[in-house]
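> have a look at this prediction, sequence included:
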Amino acid sequence: MKTTLHRQDFATKLGPLMAVSSGKGLCALEFMEKDRMILLANRLRQKHTSFEYEDRLDAPLDAAGKWIADYFLGLFPSPAMVPLDLIGTQFEQSVWNALLEIPLGKVATYGEVGRSFACTSARAVGNAVGSNPLSIVVPCHRVIGANGTLTGYGGGLERKRWLLEHEGFSVAGTKRTSRVERRVAVPAGRTATGMQAAIK
């Protein structure tokens, strides 16, 4: 029996994005290029052996559309505004959750992402980052190499550069200097999360 997944396409300054929802939450957001679509289909089959797309704007897709519009306007809404239904292994989800904690306007290395949840393999973290099915919302573009280089990005390095600059991180010049300091606020009486502590 085929699973029906809802989809909507959204135009952006960086090209069209396809958003996919399981009905429970957003499970994919990908740039609409042939190689990315093939990778996305393979990822979705890990959970849905047989599926079909239906062009339908459900609640998660509606929330995603508003989030994308606000993001590109420079309003930078919280990813918490979008219900997520991430498809991945327990390790991958640990990495993706760590990515969600990298503050706007800052970057982290693969090693720093791993240390935030006691993983010592930057390579394993890199593989999980590369498997992230939710571009921009789960900010894999904020991860850079240990030497400060941008390294790879599924959407292409020019898009990665644009996203970082859009968020206030100066790619040119000092490798790790943020042009606009935007930290995630930690309420009084609470400690920083693993990811926030790792990149301070």
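Right, received. Where do you want to start? Numbering: from 1, shown residues only.

> show me what contacts E167?
By C-beta atoms under 8 Å, 6 or more residues apart in numbering, E167 lies in contact with 76, 104-105, 142, 182. C-beta: built from backbone N, CA, C; applies to glycine.

> measure the spatially most central residue of the chain to V95 for me?
Central residue of the chain (C-alpha atoms, centre = their mean): V138, 2.1 Å from the mean position. Per C-beta to C-beta, to the nearest Å, V138 is found 9 Å from V95.

> and for the two, which residues touch both?
Joint contacts of V138 and V95 (C-beta under 8 Å, 6+ apart) are N132.

> pull out the buried positions in the helix of greatest length in the chain.
If you go by DSSP state H, the chain has its longest helix at helix 59-72. Across helix 59-72, burial judged by 16 or more other C-beta atoms under 10 Å covers 60-61, 63-65, 67-68, 71-72.

> could I get those residues as TSV with pLDDT and distance to H166?
TSV is the format used below for the buried residues of helix 59-72 (pLDDT from 0 to 100; distance: C-beta to C-beta, whole Å):
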residue	pLDDT	distance to H166
P60	98	24
L61	98	23
A63	98	21
A64	98	18
G65	98	18
W67	98	14
I68	98	13
Y71	98	8
F72	98	8
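
> could you dump those residues into JSON lines with distance to P133 added?
Shown next, in JSON lines, are the buried residues of helix 59-72 (distance: C-beta to C-beta, whole Å):
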{"residue": "P60", "distance to P133": "14"}
{"residue": "L61", "distance to P133": "15"}
{"residue": "A63", "distance to P133": "17"}
{"residue": "A64", "distance to P133": "13"}
{"residue": "G65", "distance to P133": "17"}
{"residue": "W67", "distance to P133": "16"}
{"residue": "I68", "distance to P133": "15"}
{"residue": "Y71", "distance to P133": "17"}
{"residue": "F72", "distance to P133": "20"}
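
> what's the most distant pair in the contacts of E167?
F76 and R142 (12.5 Å; C-beta to C-beta).

> which of the two has more residues huddled nearby?
Legend: neighbour count by other C-beta atoms under 10 Å for F76 and R142, higher for R142 (22 against 15).

> please name the nearest non-neighbouring residue to that one.
I102 (4.5 Å; C-beta to C-beta, 6 or more residues apart in numbering).

> would you say that neighbour is within a strand?
No - applying DSSP: H, G, I helix; E, B strand; the rest coil, one finds I102 to be coil, outside a strand.

> tell me the contacts of the residue nearest to the centre of the chain?
Per C-beta under 8 Å, 6+ apart, neighbours of V138: 79, 84, 86, 96, 99-100, 132.

> can you give the domain ranges for this structure?
Structurally, the chain divides into domains by automatic domain parsing as follows: 3-81, 90-198.

> any idea which of these scores lowest on pLDDT?
Across the domains of the chain, domain 90-198 has the smallest mean pLDDT, namely a mean of 81.

> need the strands for the chain, in chain order.
3-10, 17-21, 26-31, 51-55, 108-109, 143-144 (DSSP state E).

> neighbouring strands of the first one in the sheet, and parallel or not?
When sheet partners are counted by DSSP bridges, strand 3-10 sits next to strand 17-21 (antiparallel), strand 51-55 (parallel).
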